[in-house]
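Undergrad: when you get a sec, could you give me coordinates for this:
(one chain, ligands or ions: 2)
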Amino acid sequence: MARILTGIQSSGRPHLGNILGAILPGIELSKNPENESFFFIADLHSLTSLKDGALRTEYVRAVAAAWLALGFDYKKNVFWRQSRIQEHTELAWYLNCFTPFPMLANATSFKEKSEKLADVNAGLFTYPVLQAADILLYDANIIPVGKDQKQHLEMTKDIANRFNQLAGEDILILPEPQIDEAVMTVPGIDGQKMSKSYHNYIDIFVPENDLKKVTKKIVSDSTALEDPKNPETDITFKLYSLVASPSDVAAMRQNYEKGGYGYGHAKQALFECLLEKFAEPRKIFNYYMENESELEAILKEGEEKARAIAQQTITKVRKVLGFSS
Ligand code: ATP
Ligand code: MG
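TA: Residues are numbered from 1 along each chain as shown. Ligands and ions are numbered 1, 2, ... in the order given. This next block holds a predicted model:
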């Protein structure tokens, strides 16, 4: 039985990149009866960037509603808020003391921001350690993530190795990243990686008109309507190819190459495709956003299950570190 674990930060509402890069691949894996899935809302991680408590509560609900809307079976699997299981922060502290400074200083997520060090808080710097704790607490074997997380998972393995060496036994289980190469990194409307913090994302759960507006904002070049266009470099085409059927993608490619087909047409096709593909999840998402107590009960149920497992790991860790009598 393999344990799959994945988390989404509550730093914003989940977007198409999260959905294609983490949520849907995670749900797919969870359907295999051989697998047990552990999906959590990384609300502690979101504190590295988001300080507003009311917004965090709203985003936590949105992330939870998105998992459920996209078909996550919370009865069969485990589903919780990171902050409600205190063992995450406890293990993170222990692991901090096994993490060499240069390992963190070399993390791409930190390096990207290192030009503006004044904006980097210690939480952001040690974020990969909290992430290692998230994974190791549950003995997770498989971690389906986007390419951006590959380096962090290598760090988790490194940290776990160092810990196990000291302990003289394999207390922490080394996880494997599982990267869906077909999905890769979903681009945002400006062509950079789609990210909550870049404000370049497509939120598929917004009202129809807003969804249409955001697809219209996707950056495109100035090739004239009648001229052929290069599908390989166009963001709208790239996004369409990630959500539409292969035959529809082939048809759009032909339209691009023959000319007479404007970016406006492509954006409209993408909008319609998103609306159709996510029709059911959009309804379920809104249902849970409006039924707060139902969502809360589901999360509490998951937290009972998560806590029991986290406590088993932390008991072993405390013992080997001399923190229990
Ligand atoms: P933030 O900007 O706050 O880091 P984010 O949008 O990058 O937010 P995360 O919560 O960091 O989202 O990521 C959650 C999961 O979604 C991770 O597994 C990550 O690999 C995946 N993911 C995030 N953005 C993308 C993307 N653009 N394409 C594919 N997968 C993505
Ligand atoms: Mg991220």
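Undergrad: can we go C-alpha only for contacts and neighbour counts from here?
TA: Noted.
Undergrad: by proximity to ligand 1, which residue of the stretch 201-325 of the chain wins?
TA: Closest to ligand 1 within the stretch 201-325 of the chain is residue 201: 7.9 Å, counting by C-alpha to the nearest ligand atom.
Undergrad: for the chain, where's the lowest mean pLDDT among helices and strands?
TA: Ranking every helix and strand in the chain by mean pLDDT, DSSP states H and E puts strand 176-179 at the bottom, with a mean of 77.
Undergrad: got a list of contacts for the next helix or strand after that strand?
TA: Sequence-wise, the next helix or strand downstream of strand 176-179 (DSSP states H and E) is helix 208-216. Outside helix 208-216, the residues that touch it by C-alpha atoms under 8 Å, 6 or more residues apart in numbering are 189, 202, 203, 204, 264, 267, 268, 270, 271, 275.
Undergrad: packing partners of whichever helix or strand comes after helix 208-216?
TA: Counting by DSSP H and E, the element after helix 208-216 in chain order, helix or strand, is helix 235-243. Helix 235-243 sits against helix 246-258, helix 263-277, with contacts defined as 3 or more C-alpha pairs under 8 Å, 6 or more residues apart in numbering; DSSP states H and E.
Undergrad: highest average neighbour count across those helices?
TA: Each of the helices and strands packed on helix 235-243 was scored by mean neighbour count; the highest is helix 263-277, a mean of 18, by mean count of other C-alpha atoms under 10 Å.
Undergrad: roughly how far is whichever helix or strand comes after that one from the heart of the chain?
TA: On the C-terminal side of helix 263-277, the nearest following helix or strand under DSSP H and E is helix 279-290. From the chain centre to the centre of helix 279-290 is a distance of 19 Å (C-alpha atoms, centre = their mean, to the nearest Å).
Undergrad: avg pLDDT for helix 279-290?
TA: For helix 279-290, the mean per-residue pLDDT is 98.
Undergrad: same question for stretch 37-54.
TA: Stretch 37-54 comes out with an average pLDDT of 96.
Undergrad: quick one, what contacts the residue nearest to residue 77 when sequence neighbours are not counted?
TA: Distance criterion C-alpha to C-alpha, 6 or more residues apart in numbering; nearest residue to residue 77, sequence neighbours excluded, is residue 37 at 5.1 Å. Residues near residue 37 by C-alpha under 8 Å, 6+ apart: 3, 4, 5, 26, 29, 30, 77, 78.
Undergrad: likewise for residue 152?
TA: Residues in contact with residue 152, defined by C-alpha under 8 Å, 6+ apart, are 107, 128, 131, 132.
Undergrad: from those residues, which are also near ligand 1?
TA: Near ligand 1, taking C-alpha under 6 Å from any ligand atom as the test, no member of the contacts of residue 152 is found.
Undergrad: and these as CSV, adding secondary structure and pLDDT?
TA: Listed next are the contacts of residue 152 as CSV, based on DSSP: H, G, I helix; E, B strand; the rest coil; pLDDT from 0 to 100:
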residue, secondary structure, pLDDT
107, coil, 91
128, helix, 95
131, helix, 96
132, helix, 97
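Undergrad: wait, isn't residue 64 in contact with residue 41?
TA: Yes. The pair residue 64 and residue 41 passes the contact test of C-alpha atoms under 8 Å, sitting 7.1 Å apart.
Undergrad: quick one: mean pLDDT over stretch 260-275.
TA: On average, the pLDDT along stretch 260-275 is 97.
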